[in-house]
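Participant: what follows is a protein structure lacking sequence information:
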């Protein structure tokens, strides 16, 4: 199964100045819960922002210019190569923009956390997609200072 996981602001921002533009307690809990024991696929910039392989999952960095290797860490030259490396392991595409754009046409599910804020001067946005190709289920809303809502888009077969 191929999944995508992202948090985005009301104005579709996912990055600003090379970073995720919010720190919201509890917002990343779902990410850890869903991806642990599976494969996570990052673009080079996203991986470099994190700075290390995530524990208890296969980390695959898609890059044409850098080589990453280590415990549970490999480099692929493309999303399709990353998928080959994973085999039957559940895959979570975790950013950035280019990988999201490439993955949307083939994902089975998209876990999108909708952050209830607008980010001024964001420089990386989540790609537009055809919502008619998915069913939407809305989950919990949480957060104290800034609210967020969990949503899942499941591809209609």
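Facilitator: Yep, that arrived. Bear in mind the structure is a predicted one, so any value in this text is a computation, not a measurement. Residues are numbered from 1 along each chain as shown.
Participant: residue 62 reaches residue 43, doesn't it?
Facilitator: Yes. Under the criterion of CB atoms under 8 Å, residue 62 makes contact with residue 43 at 5.6 Å. C-beta coordinates here come from the backbone N, C-alpha and C atoms, glycine included.
Participant: which residues do those two both contact?
Facilitator: Taking CB atoms under 8 Å, 6 or more residues apart in numbering as the criterion, residue 62 and residue 43 both touch residue 99.
Participant: gap between the residue most central in space within the chain and residue 66?
Facilitator: Nearest to the geometric centre of the chain sits residue 94, at 2.5 Å (CA atoms, centre = their mean). Going from residue 94 to residue 66 by CB to CB, to the nearest Å gives 17 Å.
Participant: repeat that for residue 120.
Facilitator: Taken as CB to CB, the span from residue 120 to residue 66 is 31 Å.
Participant: dump the residue contacts of the residue nearest to the centre of the chain.
Facilitator: 4, 5, 6, 31, 35, 40, 41, 42, 46.
Participant: what's opposite residue 75 in the beta bridge?
Facilitator: In this entry, residue 75 is beta-bridged to residue 61, by DSSP bridges.
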